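Q: here's a sequence, model it:
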Amino acid sequence: MKTRNETKVGILAVASITMLIFGFYFLKGKSIFGDKMTLYAKYANVAGLTRSCPVIINGLQVGNVSEIINSSDMRSFVVKLTINQKINIPNNSVANIEPSPLTSSKLEIQLGNSNIPLKENDTITSLPNQGIIDNLMQKVDPVIEVVKTTISSLDTILASVNHILNTSSQTNINSTLDNLNKLSASLLTSSLSLQKMLNNQNGVVTNTLNNLNSFSKNLSNNNTKVSSVLDNLDKTTSKLSELQLQKTINNIDSAVQALHLAVNKMNTGDGTLGLLLNDKTLYKNLTSTTNKLNTLIDDVRVHPKRYVSFSLIGGKSTSRPLNTPLPDTVNAPYQK
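A: Predicted structure coming up:
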């Protein structure tokens, strides 16, 4: 059975109309078969909001404004929102109209933090619309505050400048300028003096360089003598290095060790000198001998006739000899 051309045309027309409807709703952001939810919001000013304006949540379009119902006195409006997908919108969320000077306005839902979602045909809380100018003023107000603060600071600076530029300050500034003028004149004089010093013919620097040149020339002319002096100095140092300093130091060390050994022997009583220094018997013997010698000398001095006889008349002396020396010397070391 053949299909007639009219049937084909009818089927094609129905398909085209269906695709047109689907495409229209798709471009409008609407869903035909998906779950939908209707919400309401009340405003005193819709700020250019119209039907089919998008409903935005966190930057994503989730629905459209399906209808705007106004009161008889145009003082209040009820906006019907159609949400094209099932979304759990907290019941403390807020619907705010965002006007735009270039495109149509949009309605943005700011999600709350409640755990209870809005139900079908609930009324969402709305913020009073402030309009484009008010929104711009909200953004411009911080800038205006900054400008006001800047103007206030400029006013303070100008007041300070006016205070600085009084008669006394002007006098000080003039004095400072005079001092700067004198300083510039002094710098000019110094630069002239420096230029004079750097003169190629008779400048101080030129003379100094000439003297250095002459000195270096003299060194060059006496190079042989300087070399001879250095050779002599080298020979002297070589002779000093050839001296047997180590042997001399060793001899001195040996002498010091011998002296140290002798001193140790003297301290310990070894040898004649050690015995003389450490043995008290020798000291006592010397002291006894000295006492006897003193006794003999005193006896010879007191009784000379006992030892030498010069008498022509009498005989020898009958006096008794001395047993101890006479104490005629205070510091004599007598021992009894």
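Q: quick one: low-confidence ranges for the stretch 151-300 of the chain?
A: Residues of the stretch 151-300 of the chain meeting the criterion pLDDT under 70: 163-169, 197-205, 240-245, 269-277, 279.
Q: report all helices and strands that the one helix or strand residue 39 maps to contacts.
A: Assigned by DSSP states H and E, residue 39 belongs to strand 37-43. Here strand 37-43 touches strand 77-83, strand 94-98, strand 125-126, going by 3 or more Cβ pairs under 8 Å, 6 or more residues apart in numbering; DSSP states H and E. Every C-beta, even on glycine, is put in place using the N, C-alpha and C of the backbone.
Q: list the buried residues for the first one?
A: By neighbour count, and taking 16 or more other Cβ atoms under 10 Å as the criterion, the buried residues in strand 77-83 are 77, 79-83.
Q: which one of those residues is nearest residue 265?
A: Among the buried residues of strand 77-83, residue 83 lies closest to residue 265 (Cβ to Cβ), at 125.5 Å.
Q: thinking again about what came up before, among the buried residues of strand 77-83, which pair sits farthest apart?
A: 77 and 83 (19.0 Å).
Q: with distance to residue 289 and pLDDT added, can I get the buried residues of strand 77-83 in TSV?
A: Listed next are the buried residues of strand 77-83 as TSV, based on distance: Cβ to Cβ, whole Å; pLDDT from 0 to 100:
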residue	distance to residue 289	pLDDT
77	154	91
79	151	92
80	154	93
81	149	90
82	152	90
83	147	88
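Q: of all the helices and strands packed on strand 37-43, which lies closest to residue 145?
A: strand 94-98 (23.9 Å).
Q: ok, the closest one: who's next to it in the sheet?
A: In the sheet, strand 94-98 lines up against strand 106-110 (antiparallel), strand 125-126 (parallel) (DSSP bridges).
Q: with only the CA atoms kept, save that strand in PDB.
A: Taking C-alpha atoms only, strand 94-98 is exported to PDB below (Å, rounded to 0.1, in the frame of the first residue of the first chain):
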ATOM      1  CA  VAL A  94      16.100  35.600  48.700                       C
ATOM      2  CA  ALA A  95      15.000  36.600  45.200                       C
ATOM      3  CA  ASN A  96      16.600  39.800  43.900                       C
ATOM      4  CA  ILE A  97      16.000  41.600  40.600                       C
ATOM      5  CA  GLU A  98      19.300  42.500  38.800                       C
END
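Q: what's the angle between that strand and strand 37-43?
A: Strand 94-98 runs at 70 degrees relative to strand 37-43, counting by axes from the mean of the first three to the mean of the last three Cα atoms, to 10 degrees.
Q: contacts for strand 94-98 next, please.
A: Applying Cβ atoms under 8 Å, 6 or more residues apart in numbering, the contact partners of strand 94-98 are 39, 41, 43, 46-47, 49, 56, 79, 81, 105-110, 112, 124-127, 129.
Q: any of these buried? List them.
A: Using 16+ other Cβ under 10 Å, the buried members of the contacts of strand 94-98 are 39, 41, 43, 46-47, 49, 56, 79, 81, 105-109, 112, 124-126, 129.
Q: just the angle for the strand ranked longest in the chain relative to strand 77-83, thanks.
A: Longest strand in the chain, counting residues (DSSP state E): strand 60-70. Counting by the same axes, to 10 degrees, strand 60-70 lies at 150 degrees to strand 77-83.
Q: and strand 60-70, what other elements does it pack with?
A: On a contact count with 3+ Cβ pairs under 8 Å, 6+ apart, strand 60-70 meets strand 54-57, strand 77-83.
Q: what does that strand rub up against?
A: Contacts of strand 60-70 (Cβ under 8 Å, 6+ apart): 28-30, 38, 46, 49-56, 76-85, 87, 107, 109.
Q: buried sites along it?
A: Neighbour-count burial for strand 60-70 [16+ other Cβ under 10 Å]: 62-66.
Q: okay, now residue 119: neighbour count?
A: 10 (other Cβ atoms under 10 Å).
Q: what about it, distance to residue 112?
A: Per Cβ to Cβ, to the nearest Å, residue 119 is found 15 Å from residue 112.
Q: pull the number of nearby residues for residue 257.
A: The number of residues near residue 257, taken as other Cβ under 10 Å, comes to 10.
Q: does the residue most central in space within the chain belong to a helix or a strand, and which?
A: The centroid of the chain falls nearest to residue 153 when counting by Cα atoms, centre = their mean (34.8 Å). If you go by DSSP H and E, residue 153 is part of helix 131-164.
Q: the first helix or strand past that helix going along the chain packs against which elements?
A: Downstream of helix 131-164, the next assigned helix or strand under DSSP H and E is helix 167-197. Helix 167-197 sits against no helix or strand, with contacts defined as 3+ Cβ pairs under 8 Å, 6+ apart.
Q: perfect, I'm done here.
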